[in-house]
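A.B. asks: Got a sequence here, can you build the structure:
(one chain, ligands or ions: 1)
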Amino acid sequence: MKLILASSSPRRKDILNEFNYKFNIETANADETMDDSLSAIDNVKAVALRKAMAIGKKIDTIVLGCDTIVVIDGKRLGKPHSKDEAFTMLKSLSGREHEVVSGVAILFNDETYNFATTSKVYFKSISDDEIKEYIETGEPMDKAGAYAIQGLGGRFVDHFEGSEYNIIGLPIEDIKPILDKYYYMWKIRDVYIPNLVVLAPMAGICNEAFRRICKAHGAGLMVAEMVSDKALGFSNEKTIKMTKVSPDEHPISMQIFGADVESLVYAAKYLDNYSDCDIIDINMGCPVNKVAKKAGAGASLLKNPAHVYEIVKAVVDAVKKPVTVKIRIGWDSESINAVENAKLIEKAGASAIAVHGRTRAQMYSGEANYDIIKAVKEAVSIPVIANGDINSPQKAKYVLEYTGCDALMIARGAQGNPFIFEQINEYLMNNRLIEKPSNQEIYDTIMLQHSYLVDLKGNKLALLEMRTHISAYLKGLPGSATIKNQINTSNSFDEVTQILKGYLLA
Ligand SMILES: Cc1cc2nc3c(=O)[nH]c(=O)nc-3n(C[C@H](O)[C@H](O)[C@H](O)COP(=O)(O)O)c2cc1C
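C.D. replies: Next up, the predicted model:
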């Protein structure tokens, strides 16, 4: 039996003393620079562990140190990005009661069970000077969040009360909705979303295989590729297959496109009843001729705000799931009307809006206009998701701060680069830039995505579709143009694998 201590502090080993004789302890991700962590938080973990042990099943592996979360006014405490934020955070804790949630994951013969404990922690009243001193004498800012949390556990805690309630031994799927409430950073109506980075819908790209890869790399919410309302109406087999969601993809949104109220309502009801998606998104941004000109759908809808309202109202009224809308800032530079449309979308009952900061006329040229996205955010009170040209952690932070939006949506930046989600998350939460993936990681990710795609679509289609993805994975690598040509003319994935091995791993 193995125990993996995936904790931010090696000293957490101390709390395991009572279990030491049973385990062979390994430490993962331990951060040697942190100290003083014997805290209320560790007590919570110890309680959870004891409860897990009490169940008495054969334990294979215990992973201890799943995030400990501090919840203030029902919202999870994040890590501060600056001394000012650290100050505000600690001040908000002063003299108050908060919840601390901690979890232990245990594998019983491959089945994961989660044990979470929730406790109340009472904080001393802290003076502004005391907080300042604490921050000034602390470590560099990238550690400030951790130190703020430790502060909770150590210096500023008045007392800690044992578990208010415990969630014991439930399979991970059952417990997830409960834990999600504590892990979330924002939400779309009642859908809890663990971080601020959303995978944008991309036709031909965001199938289940790619989504699973993005999820594993930290996408907080994913939007699937758009499906046609008419195709759902005709029960098109391929389209229906596209609405399937695997259990590990939540939270996930499905996007529909169309032009008339009746068939959009039909499609939304279909998703409400027969798809496991959490959110239904309406496409009001697609610029391609087939959709926006011929069908009068996608971005074409933006030209008629009254029709936008009518569609959203009818869809919201027809379904139980939250409805969101993805728009562009307008049809062309003469008719920028994102604020007007956004207000109507909110009035019609939508639960969030994503804004791509371009007009339809721009297609993908020029630069995304963040001023208009900011104006939309200021005009409505439902969450607004900023989209357009976010392709690095630094740009993500800039757009988030500049627009004041609730979340960020990434499309092209994630193509062949699912690593961008963890990079942005780490930068937003801990101000840290993660190194680019190694060639080995790129290779492994391509192989995994291909295997998912084979399961989803079979060998032949997987080979064809992986060409686009591999081309994106290799973009910018020296000499990759020749390799891409070789891959595009390969007749089997074995051949592709050999070429990739020679190029990436030799
Ligand atoms: C290949 C591709 C497919 C796309 N398909 C969709 C789609 O199905 N629905 C949609 O609303 N937007 C779609 N978009 C637009 C993106 O979601 C996003 O709004 C746009 O690419 C701007 O974001 P970015 O700068 O991060 O790429 C697509 C974009 C690309 C590149």
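A.B. asks: burial of residue 94, as a residue count?
C.D. replies: Under the neighbour criterion other CB atoms under 10 Å, residue 94 is assigned a count of 15. All C-beta atoms are positioned from the backbone trio N, CA, C, and that covers glycine.
A.B. asks: Now do the phi/psi pair for it.
C.D. replies: phi -50, psi 130 (degrees, to the nearest 10).
A.B. asks: Would you mind confirming that it makes contact with residue 125?
C.D. replies: Yes: between residue 94 and residue 125 there is a contact at 5.4 Å, judged by CB atoms under 8 Å.
A.B. asks: can I see the domain layout of this protein?
C.D. replies: 2-183, 186-435, 440-505 (automatic domain parsing).
A.B. asks: Compare the ones you listed and say which comes out lowest on pLDDT.
C.D. replies: In terms of mean pLDDT, the lowest-scoring of these is domain 2-183 (a mean of 55).
A.B. asks: what does the chain put close to the ligand?
C.D. replies: Taking CB under 6 Å from any ligand atom as the criterion, the chain approaches the ligand at residues 200-205, 225-226, 255, 283, 285-286, 326, 356, 387-390, 410-413.
A.B. asks: Any of those residues buried? List them.
C.D. replies: 200-203, 205, 225-226, 255, 283, 285-286, 326, 356, 387-390, 410-413 (16 or more other CB atoms under 10 Å).
A.B. asks: The residues you listed in strands, which ones?
C.D. replies: Of those, the ones assigned to strands by DSSP state E are 255, 283, 326, 356, 387, 410.
A.B. asks: burial of residue 432, as a residue count?
C.D. replies: Other residues close to residue 432 by other CB under 10 Å number 11.
A.B. asks: Which residue, neighbours along the chain excluded, lies closest to it?
C.D. replies: Among residues not flanking residue 432 along the chain, residue 426 sits closest, at 5.1 Å (CB to CB, 6 or more residues apart in numbering).
A.B. asks: Which residues are in contact with the one you found?
C.D. replies: Counting by CB atoms under 8 Å, 6 or more residues apart in numbering, residue 426 makes contact with 393, 432-434.
A.B. asks: then the one helix or strand it maps to to PDB, C-alphas only?
C.D. replies: For residue 426, the host element (DSSP states H and E) is helix 420-430. Output in PDB follows, covering the C-alpha atoms of helix 420-430 (Å, rounded to 0.1, in the frame of the first residue of the first chain):
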ATOM      1  CA  ILE A 420      -2.500  26.900 -22.400                       C
ATOM      2  CA  PHE A 421      -5.200  26.200 -19.800                       C
ATOM      3  CA  GLU A 422      -2.800  25.100 -17.000                       C
ATOM      4  CA  GLN A 423      -0.400  27.900 -18.000                       C
ATOM      5  CA  ILE A 424      -3.100  30.600 -17.700                       C
ATOM      6  CA  ASN A 425      -4.600  29.100 -14.500                       C
ATOM      7  CA  GLU A 426      -1.200  29.000 -12.900                       C
ATOM      8  CA  TYR A 427      -0.400  32.600 -13.900                       C
ATOM      9  CA  LEU A 428      -3.800  33.900 -12.800                       C
ATOM     10  CA  MET A 429      -3.700  32.100  -9.500                       C
ATOM     11  CA  ASN A 430      -0.100  32.000  -8.600                       C
END
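A.B. asks: Following the chain onward from it, which element is next?
C.D. replies: helix 439-474.
A.B. asks: List the buried residues in whatever helix or strand comes next after that next one.
C.D. replies: Going down the chain from helix 439-474, the next helix or strand is helix 480-488, by DSSP H and E. Neighbour counts using 16+ other CB under 10 Å place 480, 483-484, 487 of helix 480-488 among the buried residues.
A.B. asks: now, among these, which is nearest to residue 506?
C.D. replies: Lowest distance from residue 506 to those (CB to CB) belongs to residue 483, with 11.7 Å.
A.B. asks: Give me the three-state assignment for residue 187.
C.D. replies: strand (DSSP: H, G, I helix; E, B strand; the rest coil).
A.B. asks: Might one say that it is in contact with residue 193?
C.D. replies: Yes: the pair residue 187 / residue 193 is scored as a contact, 5.9 Å apart, by CB under 8 Å.
A.B. asks: Which of the two has more residues huddled nearby?
C.D. replies: The neighbour comparison of residue 187 against residue 193 (other CB under 10 Å) goes to residue 193, with 24 against 19.
A.B. asks: Quickly find the element holding residue 394.
C.D. replies: Assigned by DSSP H and E, residue 394 belongs to helix 393-403.
A.B. asks: For residue 327, see how far away residue 441 is.
C.D. replies: 35 Å (CB to CB, to the nearest Å).
A.B. asks: should've said residue 236
C.D. replies: For residue 236, the distance to residue 327 - CB to CB - is 26 Å.
A.B. asks: These two: who's more crowded?
C.D. replies: Between residue 236 and residue 327, counted using other CB under 10 Å, the more crowded position is residue 327 (25 against 14).
A.B. asks: Nearest residue to that one in space, please, no chain neighbours.
C.D. replies: residue 284 (4.6 Å).
A.B. asks: quick one: the one you found and residue 302 touch, right?
C.D. replies: Yes: the pair residue 284 / residue 302 is scored as a contact, 5.8 Å apart, by CB under 8 Å.
A.B. asks: Now do the shared contacts for those two.
C.D. replies: With CB under 8 Å, 6+ apart as the test, residue 284 and residue 302 both reach 308, 327-328, 341.
A.B. asks: What residues of stretch 330-342 count as buried?
C.D. replies: Buried, per 16+ other CB under 10 Å, within stretch 330-342: 330-331, 336-339, 341-342.
A.B. asks: Same question for stretch 268-285.
C.D. replies: Across stretch 268-285, burial judged by 16+ other CB under 10 Å covers 268-272, 275, 277-285.
A.B. asks: With stretch 319-330 instead?
C.D. replies: In stretch 319-330, counting by 16+ other CB under 10 Å, buried: 319, 321-330.
A.B. asks: Of those, which is the nearest to the ligand?
C.D. replies: Distance to the ligand, by CB to the nearest ligand atom, is smallest for residue 326 among these, at 4.5 Å.
A.B. asks: so what's that closest one closest to, chain neighbours aside?
C.D. replies: Nearest residue to residue 326, sequence neighbours excluded (CB to CB, 6+ apart): residue 354, at 4.3 Å.
A.B. asks: Please look at that neighbour and residue 328 and confirm they touch.
C.D. replies: No: here residue 354 lies out of contact with residue 328, judged by CB under 8 Å, at a distance of 10.1 Å.
A.B. asks: follow-up on the earlier one: please identify which helix or strand holds the residue nearest to residue 326.
C.D. replies: Using DSSP H and E, residue 354 sits in strand 352-359.
A.B. asks: Summarise which helices and strands that strand is packed against.
C.D. replies: strand 323-330, helix 338-347, helix 370-379, strand 384-387 (3 or more CB pairs under 8 Å, 6 or more residues apart in numbering; DSSP states H and E).
A.B. asks: closest to residue 418 out of those?
C.D. replies: strand 384-387 (17.2 Å).
A.B. asks: Run me through the strand neighbours of the closest one, direction for each.
C.D. replies: Looking at strand 384-387 with DSSP bridges, its partner strands are strand 352-359 (parallel), strand 407-410 (parallel).
A.B. asks: Of those, which stretch is the most buried?
C.D. replies: Comparing the strands paired with strand 384-387 by mean neighbour count (mean count of other CB atoms under 10 Å), strand 352-359 ranks first with a mean of 27.
A.B. asks: Let me know the angle separating it from strand 323-330.
C.D. replies: Inter-element angle recorded for strand 352-359 and strand 323-330: 20 degrees (by axes from the mean of the first three to the mean of the last three CA atoms, to 10 degrees).
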